[in-house]
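everything below, folded, please.
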Amino acid sequence: MQAIVEAFPEPDAPVANRSLAVKLGIAKDTEKEKREEKEKDISDKLSVIVRDHRQSRLTIEVASALPLSPRDSVAT
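Numbering: from 1, shown residues only. Okay, the predicted model is just below:
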């Protein structure tokens with residue numbers, strides 16, 4: 001184990017076999033971290049779009065339930 005630690009002294013140091021170092025827990029999987037960060041950004045953007053869509057749909061439903069004019073409210 002000491003030989004492996006000496007071969008990969010720093011977690012972020014460039015290594016010859018990064019996949020082996022990642023599997024052994026010596027180096028970070030920076031590509032995976034970047035991919036997860038990008039997926040989180042996309043997920044956050046999608047949740048904002050869905051929330052905005054739901055909010056606008058709710059506004060339309062409430063507006064359609066309201067009378068169109070004061071005369072309509074008297075007739076009912």
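
low-confidence ranges, this protein, go.
Along the chain, segments meeting pLDDT under 70 span 1-18, 27, 58-76.

top helix in it by residue count?
Longest helix of the chain, by residue count under DSSP state H: helix 30-65.

now that one: buried residues?
Neighbour counts over helix 30-65 (16 or more other Cβ atoms under 10 Å) mark no residue as buried. Placement of C-beta: from N, CA and C, glycine included.

helices or strands up against it?
Of the remaining helices and strands, none touches helix 30-65 by 3 or more Cβ pairs under 8 Å, 6 or more residues apart in numbering; DSSP states H and E.

give me that answer again for 10 Å
When contacts are defined as 3 or more Cβ pairs under 10 Å, 6 or more residues apart in numbering; DSSP states H and E, helix 30-65 packs onto helix 18-23.

list the helices and strands the helix it packs on packs on?
Applying 3+ Cβ pairs under 10 Å, 6+ apart, one finds that helix 18-23 makes contact with helix 2-7, helix 30-65.

give me the number of residues near residue 21?
Burial measure for residue 21: 19 neighbouring residues, criterion other Cβ atoms under 10 Å.

correct me, but it touches residue 30?
No - checked against Cβ atoms under 10 Å, the pair residue 21 and residue 30 is beyond contact range at 11.3 Å.
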